[in-house]
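Asker: From the sequence below, what's the structure:
(chains A and B)
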There are 2 protein chains.
Amino acid sequence: MTVSLVGAGPGDPELITLRGLARVRSCEVLVYDRLVAPEIVAEAPIGSLRISRDGLGQEEVNALLVAHGRRNRPVVRLKGGDPFVFGRGGEEALALVDAGVPFEVVPGVSSLASVPASAGIPLTHRGLASAVTAFAAHDVDALDAAALARVPGTLVGFMGGAVVGRLAERLIEAGLPAATPAAVVARGTMEEEQVVVAPLGSLGAAAHGLPTPALVVIGDVVTLREALGALRRVAAA
Amino acid sequence: MTVSLVGAGPGDPELITLRGLARVRSCEVLVYDRLVAPEIVAEAPIGSLRISRDGLGQEEVNALLVAHGRRNRPVVRLKGGDPFVFGRGGEEALALVDAGVPFEVVPGVSSLASVPASAGIPLTHRGLASAVTAFAAHDVDALDAAALARVPGTLVGFMGGAVVGRLAERLIEAGLPAATPAAVVARGTMEEEQVVVAPLGSLGAAAHGLPTPALVVIGDVVTLREALGALRRVAAA
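Answerer: I've put the predicted structure just below:
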């Protein structure tokens, strides 16, 4: 094995997998995302090369992995969440395949379920939702709002920035009731987690000023937070 | 903390999180699903009470967690995948809330992304899919096939049994082209993993006789398997 694409989990450093941590501890080169917990980066061996991908384009990251992978050194590409869920891991994997560099994927805990869970919101729940649709909401105006408004179950938007209000607006125009329960979870699973709950119609105003990255959760499961929302406080006790 | 709802990950025992394993190692009572890796169950302390939930109804599991949780002993409820993704963890959490028993959720690696990844299929990929819809397909005839056929991105069905053919049939009737790339991954991430790839129109026949549990993946991302499908073989080398 030369290159491991490893999911670091949603933020909390104890949510990396056993295999993920083992790969970090035995790497010679570590290329890591800005959002990965510093505690995990610190597990790379003394003397290993640690490269933040901050400021690098995707092509540059691909080239870096190929270059180090070709030298047959154990390389770890450490990504927030899971490499294959909005993580562009597929692009890095294809670059390695094209270059003939062996690689593996070590899945991680995606933000998709763990961030809502940290806020006391299950993605699915008997009688409330038996499906979930996750989408990248970096370009809100390009989304197929009509299809999203119609699909049954919970909606989860991975937000790039302050587009919550515009997303809500488009979904309501497409037919989702303004009263639909919704939440925004910023910096989920981390100490500085912030959660805002509001009907879809006022979600944009309620979430104004929240830090990124943030996840938007829309659907009846949000109502469970009232009962389950003490999760995180309890976990810290 | 008395009761921890812990996600054990998709099957491979090294895909549990650090916190999940720590909870198992310090529990006094372990209630575990049939699909959890025996290697993880074996990590519970000698002398701990280990209870398989096999054959117990959901109400009985809830009652068991409440009863042991009330005695203030560390209880771990170990579930396949993630507790809040088709895991009915919300129901167990609500039962604990109702009984006034403190609890936490420790997220796990869901099958949702890790099982397709193990077969070389990313859920999202630039230019192919920027959204994913996951749904429980135990009752195929109750699904809103029209909405599922229309939502953009990848579809992932959590299958209870041999309903792959009927699911494909309903989606095609609802407008999904029979040529849509599709795959079934049985016992994903485990040694005995089996993968079948076929256009949606012939998926049912191709997947005939596969063991359960199985995940159905439908969408253009399935085409990436041809390039990335050696993942697992490489990982085992």
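Asker: In terms of helices and strands, where is residue A:195?
Answerer: Using DSSP states H and E, residue A:195 falls within strand A:194-199.
Asker: can you pull the buried residues of that strand?
Answerer: A:194-198 (16 or more other CB atoms under 10 Å in any protein chain shown). Any C-beta I mention is one placed from the backbone N, CA and C, and that applies to glycine too.
Asker: just how off-centre is the following helix or strand past it within its chain?
Answerer: The helix or strand immediately downstream of strand A:194-199 is helix A:200-206, counting by DSSP H and E. Remark: helix A:200-206 is offset 22 Å from the chain centroid, using CA atoms, centre = their mean, to the nearest Å.
Asker: how about the CA coordinates for helix A:200-206, as CSV?
Answerer: Output of helix A:200-206 as CSV, limited to C-alpha atoms (Å, rounded to 0.1, in the frame of the first residue of the first chain):
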residue,chain,number,x,y,z
LEU,A,200,-37.8,26.7,6.9
GLY,A,201,-39.4,30.1,6.3
SER,A,202,-37.3,31.9,8.9
LEU,A,203,-34.2,29.7,8.8
GLY,A,204,-32.1,32.1,6.9
ALA,A,205,-32.6,34.9,9.4
ALA,A,206,-32.2,32.6,12.3
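Asker: the strands in chain A, which residues?
Answerer: Using DSSP state E, the strands assigned to chain A run over residues A:3-7, A:29-32, A:49-52, A:75-79, A:103-106, A:131-136, A:154-159, A:181-186, A:194-199, A:214-218.
Asker: pLDDT (mean, whole number) over the first one?
Answerer: Put plainly, it is strand A:3-7. For strand A:3-7, mean pLDDT is 96.
Asker: In terms of secondary structure, what does that strand contact?
Answerer: Packing partners of strand A:3-7 (3 or more CB pairs under 8 Å, 6 or more residues apart in numbering or on different chains; DSSP states H and E): helix A:18-25, helix A:58-70, strand A:75-79, helix A:89-98, strand A:103-106.
Asker: what about 10 Å?
Answerer: helix A:18-25, strand A:29-32, helix A:58-70, strand A:75-79, helix A:89-98, strand A:103-106, helix B:111-118, helix B:231-236 (3 or more CB pairs under 10 Å, 6 or more residues apart in numbering or on different chains; DSSP states H and E).
Asker: just the second one next, same as before
Answerer: Packed against strand A:29-32 by the contact rule (3+ CB pairs under 10 Å, 6+ apart) you find strand A:3-7, helix A:18-25, helix A:38-41, strand A:49-52, helix A:58-70, strand A:75-79.
Asker: for the nearest residue to residue A:95 once chain neighbours are set aside, what are its contacts?
Answerer: In space, and not counting its chain neighbours, residue A:95 is closest to residue A:62: 3.8 Å by CB to CB, 6 or more residues apart in numbering or on different chains. Listed by CB atoms under 10 Å, 6 or more residues apart in numbering or on different chains, the contact set of residue A:62 reads A:56, A:77, A:88, A:91-96, A:98-99.
Asker: Please check the residues you listed and keep the buried ones.
Answerer: A:77, A:88, A:91-96, A:99.
Asker: which of the residues you listed sit farthest apart?
Answerer: A:88 and A:99 (16.8 Å; CB to CB).
Asker: Farthest pair within the contacts of residue A:62?
Answerer: Between any two of the contacts of residue A:62 (CB to CB), the greatest distance is 18.7 Å, for A:56 and A:98.
Asker: So which residue of chain A lies furthest out from the middle?
Answerer: residue A:71 (30.6 Å; CA atoms, centre = their mean).
Asker: Relative to residue A:103, how far out is that residue?
Answerer: 14 Å (CB to CB, to the nearest Å).
Asker: any residues in contact with both of the two?
Answerer: Common neighbours of residue A:71 and residue A:103, counting by CB under 10 Å, 6+ apart, are residue A:2.
Asker: residue contacts, the residue most central in space within chain A?
Answerer: Nearest to the geometric centre of chain A sits residue A:111, at 3.9 Å (CA atoms, centre = their mean). For residue A:111, the contact set (CB under 10 Å, 6+ apart) comprises A:9-11, A:35, A:80-82, A:85-86, A:118, A:134, A:156, A:158, A:185, A:188-189, A:213-215, B:107.
Asker: Over to residue A:11?
Answerer: A:35-37, A:80-81, A:109, A:111, A:114-115, A:118, A:187-193, A:213.
Asker: can we see that at 7 Å?
Answerer: A:35, A:37, A:187-190 (CB atoms under 7 Å, 6 or more residues apart in numbering or on different chains).
Asker: do you know how far it is from chain B?
Answerer: 11 Å (CB to the nearest CB, to the nearest Å).
Asker: what does residue A:107 give?
Answerer: For residue A:107 relative to chain B (CB to the nearest CB), the value is 4 Å.
Asker: okay, now the domains of chain A?
Answerer: A:3-106, A:111-232 (automatic domain parsing).
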